[in-house]
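*Asks:* Could you work out the structure for the sequence below:
(one chain, ligands or ions: 2)
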Amino acid sequence: MPETVQTDVVVIGAGAVGENAADRIVRGGLSAVLVEADLVGGECSYWACMPSKALLRPGTALREARSLAGSREAVTGTLDAAAVLERRNSFTSNWDDAGQAEWVAGAGIDLIRGRARLAGEREVEVAATDGRTLRISARHAVVLATGSAPAVPPIEGLDTVDFWGTREATSAAEIPARLVVIGGGVAGVELAQAYARLGAKVVLLARHGILGSFPEPARMLVAEGLGADGVEVRASASPASVRRTDDGGVEVTLEDGGTVTGDRLLVATGRRPALAGLGLETVGLGTEMLDTDGSGRVAGIDGGWLYAVGDAAGKVLLTHQGKYEARAAGDAIAARAKQEPGSAEPDAWSRFTATADRFAVPQVVFTDPEAAMVGRTVEQAREDGINASETSLDIAVAGSALYADEYRGWAQMVVDEDRRVLVGVTFAGPGVSELLHSATIAIAGEVPLDRLWHAVPAYPTISEVWLRLLEKYGL
Ligand SMILES: Cc1cc2nc3c(=O)[nH]c(=O)nc-3n(C[C@H](O)[C@H](O)[C@H](O)COP(=O)(O)OP(=O)(O)OC[C@H]3O[C@@H](n4cnc5c(N)ncnc54)[C@H](O)[C@@H]3O)c2cc1C
Ligand SMILES: NC(=O)c1ccc[n+]([C@@H]2O[C@H](COP(=O)([O-])OP(=O)(O)OC[C@H]3O[C@@H](n4cnc5c(N)ncnc54)[C@H](O)[C@@H]3O)[C@@H](O)[C@H]2O)c1
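*Replies:* Ligands and ions are numbered 1, 2, ... in the order given. Reported below is the predicted structural model:
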């Protein structure tokens, strides 16, 4: 007989998103059980954001030192790959989640380690890691925060080789001499540059070019940065088949008949919500993408007790947006339990709905140079029926010249001409990631351009690009 447990809310998955949902639920006065099958902290902490950025940052710091006369002369060596890997290990706490589990306990959340699945309305069954089977009844809600799984492309022979996914690439203990990367998305380009800087000879196969969601000039700057580090970017290269070579490496045959060989193959071709094996059929749902509203409530569930947030909801696969969805869902669940006014069907921009998921999503590609974008491209804005204009220029202000000798960067703003507010901004160049939040505030706050004119950028910072953009726009 399974042990039975009663709680207000069960959160399945203790990644960054599940942790935030449970935290908001407890802060809202409810009890929460958080179930985790692997490491508390999830993908971002151990196999994604943190280790990948830890692998990239030393190379960027070195390039920055080399970009200035005076400090350039002080650089006498190359990256110490072993030290970089060691520093990366410290950011993942050597894949030990004791610190995160301690935070969960301190937040008043009950942690159960094991694999959970739905077992009917408001019921969750857990195969606990200590061998017990638990049956948890949730008085108010169940939140799916199970993250995502790699989308493995249907490339002939891929199942016969021992290839890396992003998990293996972010946790590797050594640098392969030759690395072939399939996938020109964010994960592919970041890891291609990280490994090239750590000494690998990298070929990146990007069938539609790199960073498809970014405007062309930003993509070009990143491609040049990759090239400068020796990454061979093969745009339009579509892999047809893969085989193991006699020396233990891999050979990728392209659709045009060409071949590329490496000691390791990294496949970074996107991710899908992790919904398989979750018992969704017990509540009348399939394992295809869930349909959720702004507070994460899953459509088609009587009583609205099932929620999905973060990668599991599949709207925006980014940690910060997932955590934002979790805050909205957690607050909504707690408020709905108390029948708080405005929580049942919240208005846009209420704290119970993740409105920015549609209009103001920021993303940074942590390559060198960086690419940073928030909101819509001009094409997306026009597709959405917005009377959009675009203003773009190279970043060439006193702050950028001081930042690096021969600084090269690009900026673009997309304006809704009817409302005279920003709906999209892109920056590309060294150090631009820290500029992005100014654009996010302008978009989420719908700051009128005539008022934005009065947001004076400090001299001499790269932020002066704002002034140049507004002047070029006509202010
Ligand atoms: C290489 C790489 C780099 C990235 N870099 C960035 C970045 O720089 N910035 C950024 O914003 N985003 C980045 N992302 C995306 C980011 O990692 C994800 O958006 C984020 O991890 C999603 O968080 P989550 O909590 O929804 O899912 P996850 O972090 O995947 O957590 C889900 C958790 O649920 C658990 N789980 C799943 N099923 C069950 C079950 N049945 N029972 C119990 N537990 C279960 C899993 O074990 C896991 O711990 C990156 C992704 C990759 C692949
Ligand atoms: N800095 C960051 O914020 C960051 C970094 C890494 C990953 N992420 C997130 O993690 C998720 C996964 O990243 P990703 O780069 O794997 O996904 P992605 O969807 O961004 O890119 C996948 C790439 O793989 C290519 N591809 C797909 N199938 C292919 C095939 N059969 N052959 C060749 N190429 C193929 C696509 O054209 C695309 O360029 C994304 O949602 C991303 O936003 C974020």
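*Asks:* Run through the residues of the stretch 201-350 of the chain sitting next to ligand 1.
*Replies:* 274, 278, 310, 311, 312, 317, 318, 319, 320, 322 (C-beta under 6 Å from any ligand atom). (C-beta placed from N, C-alpha, C; glycine too.)
*Asks:* What residues does the fourth one make contact with?
*Replies:* Right, residue 311. Neighbouring residues of residue 311 by C-beta atoms under 8 Å, 6 or more residues apart in numbering: 15, 17, 43, 146, 147, 148, 271, 273, 274, 317, 322.
*Asks:* hang on, it in a helix?
*Replies:* Yes. Counting by DSSP: H, G, I helix; E, B strand; the rest coil, residue 311 falls inside a helix.
*Asks:* Next, work out how far apart it and residue 34 are.
*Replies:* According to C-beta to C-beta, to the nearest Å, residue 311 stands 16 Å off from residue 34.
*Asks:* Check for me that residue 460 belongs to a strand.
*Replies:* No. Residue 460 is assigned coil when assessed by three-state DSSP, not a strand.
*Asks:* burial count for residue 401?
*Replies:* Counted with other C-beta atoms under 10 Å, residues neighbouring residue 401 total 14.
*Asks:* helix/strand/coil for it?
*Replies:* From three-state DSSP, the assignment for residue 401 is helix.
*Asks:* That one contacts residue 408, doesn't it?
*Replies:* No. Checked against C-beta atoms under 8 Å, the pair residue 401 and residue 408 is beyond contact range at 10.9 Å.
*Asks:* Would you mind listing the residues in contact with residue 343?
*Replies:* With contact taken as C-beta under 8 Å, 6+ apart, residue 343 is in contact with 332, 335, 336, 352.
*Asks:* sorry, that was for residue 347
*Replies:* Neighbour list for residue 347: residue 353 [criterion: C-beta under 8 Å, 6+ apart].
*Asks:* now do residue 260
*Replies:* Residue 260 touches 180, 203, 205, 234, 237, 251, 252, 254, counting by C-beta under 8 Å, 6+ apart.
*Asks:* Show me what counts as buried in stretch 279-298.
*Replies:* In terms of neighbour count (16 or more other C-beta atoms under 10 Å), stretch 279-298 has its buried residues at 279, 280, 283, 285, 290, 292, 293, 294, 295, 296, 297, 298.
*Asks:* Next, the distance between the ends of it.
*Replies:* 15 Å (C-alpha to C-alpha, to the nearest Å).
*Asks:* Ligand 2 versus the closest residue to ligand 1 within the stretch 201-350 of the chain, what's the distance?
*Replies:* Nearest residue of the stretch 201-350 of the chain to ligand 1, counting by C-beta to the nearest ligand atom: residue 310, 2.5 Å away. Taking C-beta to the nearest ligand atom, to the nearest Å as the measure, residue 310 falls 11 Å from ligand 2.
*Asks:* count of neighbours near that residue?
*Replies:* 36.
*Asks:* wait, it sits on residue 325?
*Replies:* Yes. Residue 310 lies in contact with residue 325 (C-beta under 8 Å); the separation is 6.2 Å.
*Asks:* where do the contact lists of those two overlap?
*Replies:* What both residue 310 and residue 325 touch, as defined by C-beta under 8 Å, 6+ apart, is the set residue 17.
*Asks:* Alpha carbons of whichever strand in the chain runs longest, in CSV - could you do that?
*Replies:* Selection of the longest strand in the chain by residue count, based on DSSP state E, yields strand 133-144. The C-alpha coordinates for strand 133-144 follow below in CSV (Å, rounded to 0.1, in the frame of the first residue of the first chain):
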residue,chain,number,x,y,z
THR,A,133,5.7,4.6,-3.0
LEU,A,134,3.8,7.7,-2.0
ARG,A,135,0.4,8.9,-2.9
ILE,A,136,0.0,12.7,-2.5
SER,A,137,-3.4,14.4,-2.6
ALA,A,138,-3.3,18.1,-3.4
ARG,A,139,-6.1,20.2,-2.0
HIS,A,140,-5.6,23.0,-4.4
ALA,A,141,-3.3,22.4,-7.4
VAL,A,142,-0.6,20.3,-9.1
VAL,A,143,2.1,22.2,-10.9
LEU,A,144,4.1,20.5,-13.7
